[in-house]
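1. quick one, fold the following:
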Amino acid sequence: MALIPAWLAVKLAFILGITNLIGIFLVLLSCRCIPGLAMRLTQNQKYMSFYRYHCYYWWFFLASVGIHATVAIIAFGIPA
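-> Residues are numbered from 1 along each chain as shown. Below is the predicted model:
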């Protein structure tokens with residue numbers, strides 16, 4: 001007996017995959033370590049208000065990846 005129905009697991013895995021992409025883009029776009037961009041962006045007030053949440057973007061991304069992996073392992077098992 002499966003813990004999660006297969007149809008629900010597939011939908012959750014797909015949605016969490018999309019949230020993984022959104023999360024990594026938020027992390028990358030808010031990173032000030034990219035050479036060349038850091039000097040120009042740190043003087044932009046809109047970017048700095050976006051950058052203020054950089055740590056939270058990391059937590060969002062890591063939680064999304066963790067849940068995504070857990071759903072995939074529960075539903076489909078560990079590949080051989």
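
2. would you list every one of the helices in this structure?
-> 6-29, 37-41, 45-51, 54-76 (DSSP state H).

3. can you put the ones you listed in TSV and add mean pLDDT and mean neighbour count?
-> C-beta: built from backbone N, CA, C; applies to glycine. Shown next, in TSV, are the helices of the chain (pLDDT from 0 to 100; neighbours: other C-beta atoms under 10 Å):
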stretch	mean pLDDT	mean neighbour count
helix 6-29	92	14
helix 37-41	69	12
helix 45-51	86	12
helix 54-76	93	15
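
4. wait, A75 sits on K11?
-> No. Applying C-beta atoms under 8 Å as the test, A75 and K11 come out as separate, 10.4 Å apart.

5. measure H54 to L29 for me?
-> To L29, H54 is 9 Å away according to C-beta to C-beta, to the nearest Å.

6. what is in contact with these two at once?
-> Both H54 and L29 lack any common contact, where contact means C-beta atoms under 8 Å, 6 or more residues apart in numbering.

7. if I pick V27, what's in contact with it?
-> H54, Y57, W58, F61.

8. swap that for G17, sorry
-> G17 neighbours (C-beta under 8 Å, 6+ apart): H68.

9. F50 now?
-> If you count contacts by C-beta under 8 Å, 6+ apart, then F50 has L29, S30 around it.

10. look up how far I4 lies from it.
-> On the measure of C-beta to C-beta, F50 and I4 end up 35 Å apart.

11. now swap in A69 and tell me
-> 14 Å.

12. repeat that for S64.
-> 17 Å.

13. then G77?
-> 12 Å.

14. more crowded one of these two?
-> When G77 and I4 are compared on other C-beta atoms under 10 Å, the one with more neighbours turns out to be I4, at 15 against 8.
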